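> From the sequence below, what's the structure:
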Amino acid sequence: MSTLLPTRRRLSLGLALAAVLTGVGAYTASAASAAAAPTPVPLTSSACPADLRQGEADGCVTQLQLELNLTGARITVDGQFGPGTDTAVRNFQASHALSVDGIVGPATKSALDTAAAAASGTVDLRTQCGDLQTGAGGACVSTLQTMLNSFNAGRLTVDGQFGPATDTAVRNFQASHALAIDGVVGTAVKNALYTSTPTPLPSGPIDPAKVLNAAKSYLDVPYVWGGGHSLRGEGPGPSLGTCDGYTGSIQPCPANTTAGLDCSGLVRAAFWFGAGIDLAGGGDTDQQTLDSHLTPIAESQRRPGDVEYFGTDPHTTTHVVLYAGTDPATGADMMYEAKETGTNVHYVGLRTGGYWYHVSA
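The predicted model follows:
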């Protein structure tokens, strides 16, 4: 469908022992005592109690002590929640407008994670952060944003806030690395971020195979009215949509609560990540047909990577598909398409009868 023009969890941190032993923060206990402590466990891990309190002895307490020292405490890191740790917790709570009870519950964990991340200066997503998703904040998110930018997954301002733009960039990264596209930065995403090699966006003459591979990476992403149009500044890729102008049969409109792509959003993402070209800067199908990279062609001239728009004339359109060429297994002409609400991006037999365009650099 055509879409309107753009109007343009908690953070869980497991600070590594090495960061403290190399002089970060105000830590003064001996290296020997810290090394003998149980292995740190992130405070918001399911392995840790919901509330940590005096008497606890495990890696969760080791983590607690490391973070307290990063925020100004001077306690021995031994994994034992004794009187000294209790005092340090109460001091931290008092200085952060929390209930001063010596119990490290969800609010204290969150505040401590954030404060320790800011104090540490460097963050390793794999060892210092839990799963990240929309709503998270702090140094873990800042690191994530910087890494996503290095992969050209988005155009992110590194502000430490996991909002719609970061969500879209995560989904783009997941798509390009054959990961589940859910916007959640878990173990698989983190490992891919650290083990993959960033490559620049394509430039120069368009390679249709790269464009089609980019489209293929979004198979099974939900169709969303307005999805992929930078309505909130996200850049190309799966995003929340809009209910403005929505006339779909599924009610209430799911577009502003679901991340996905509409037809022109899919084509935009395919050419951005496959060729480095942002068709119409996120505009709708009509705007795309006016883009200077498009040249009208006859249907008989079509080649894989060409686009077909459907409408009443070449520039008054309501739908677009990406021609995928002939499937070697079936001999059928195929296309990539984001069709309508309630369906996902799919690879299906080509429909013809529209207006054809070739895209060039």
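> Send me the longest helix along the chain as CSV with only the CA atoms.
Counting residues, the longest helix found in the chain (DSSP state H) is helix 106-120. C-alpha atoms of helix 106-120 as CSV (Å, rounded to 0.1, in the frame of the first residue of the first chain):
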residue,chain,number,x,y,z
PRO,A,106,14.7,-4.2,41.5
ALA,A,107,14.9,-0.4,42.0
THR,A,108,18.3,-0.5,43.7
LYS,A,109,19.6,-3.0,41.1
SER,A,110,18.5,-0.7,38.2
ALA,A,111,20.0,2.4,39.8
LEU,A,112,23.2,0.6,40.7
ASP,A,113,23.5,-0.9,37.2
THR,A,114,23.1,2.5,35.6
ALA,A,115,25.5,4.3,37.9
ALA,A,116,28.2,1.6,37.7
ALA,A,117,28.0,1.5,33.9
ALA,A,118,28.5,5.3,33.7
ALA,A,119,31.4,5.1,36.1
SER,A,120,33.1,2.2,34.3
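> immediately after it, which helix or strand?
Counting by DSSP states H and E, the next helix or strand C-terminal to helix 106-120 is helix 125-128.
> list the buried ones in that following helix?
Buried positions in helix 125-128, judged by neighbour count with 16 or more other Cβ atoms under 10 Å: 125, 127-128. To be clear about C-beta, it is placed using only N, CA and C from the backbone, and glycine gets the same treatment.
> Where do the helices of the stretch 101-250 of the chain begin and end?
106-120, 125-128, 139-150, 164-176, 187-195, 208-216 (DSSP state H, counting those that start in this stretch).
> For the residue located most distally from the centre of the chain, which non-adjacent residue is spatially closest?
Distance from the C-alpha centroid of the chain, by Cα atoms, centre = their mean, peaks at residue 83 (41.5 Å). In this structure, residue 83 finds its nearest non-sequential neighbour in residue 54, 7.3 Å apart by Cβ to Cβ, 6 or more residues apart in numbering.
> from what I can see the one you found touches residue 104, true?
No. Counting by Cβ atoms under 8 Å, residue 54 does not reach residue 104; the two are 10.1 Å apart.
> Of these two, which one has the most company?
Comparing residue 54 with residue 104 by other Cβ atoms under 10 Å, the one with more neighbours is residue 104, at 30 against 14.
> still on that earlier bit, pipe the helices of the stretch 101-250 of the chain into JSON lines and attach distance to residue 334 and mean pLDDT per row.
As requested, the helices of the stretch 101-250 of the chain are exported to JSON lines (distance: least, Cβ to Cβ, whole Å; pLDDT from 0 to 100):
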{"stretch": "helix 106-120", "distance to residue 334": "47", "mean pLDDT": "80"}
{"stretch": "helix 125-128", "distance to residue 334": "38", "mean pLDDT": "90"}
{"stretch": "helix 139-150", "distance to residue 334": "31", "mean pLDDT": "87"}
{"stretch": "helix 164-176", "distance to residue 334": "19", "mean pLDDT": "96"}
{"stretch": "helix 187-195", "distance to residue 334": "28", "mean pLDDT": "96"}
{"stretch": "helix 208-216", "distance to residue 334": "10", "mean pLDDT": "98"}
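> pLDDT below threshold where in this protein?
Within the chain, the segments meeting pLDDT under 70 span 1-35, 117-122.
> care to break it down by domain?
Following automatic domain parsing, one finds the domains of the chain at 17-121, 139-195, 208-359.
> Just put the buried residues of helix 125-128 in CSV and tack on distance to residue 342.
Formatted as CSV, those follow (distance: Cβ to Cβ, whole Å):
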residue, distance to residue 342
125, 35
127, 41
128, 40
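> Quick one: work out the angle between the longest strand seen in the chain and helix 208-216.
Scanning the chain for the longest strand, with DSSP state E as the assignment, gives strand 316-326. With axes from the mean of the first three to the mean of the last three Cα atoms, to 10 degrees defining the directions, strand 316-326 sits at 110 degrees from helix 208-216.
> which is the next helix or strand following strand 316-326?
Counting by DSSP H and E, what follows strand 316-326 is strand 333-337.
> Extract the C-alpha set from that next one and format it as PDB.
Taking C-alpha atoms only, strand 333-337 is exported to PDB below (Å, rounded to 0.1, in the frame of the first residue of the first chain):
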ATOM      1  CA  ASP A 333       8.900 -15.700 -12.100                       C
ATOM      2  CA  MET A 334       9.000 -14.600  -8.400                       C
ATOM      3  CA  MET A 335       8.800 -11.400  -6.400                       C
ATOM      4  CA  TYR A 336       9.400 -10.100  -2.800                       C
ATOM      5  CA  GLU A 337       6.400  -8.400  -1.400                       C
END
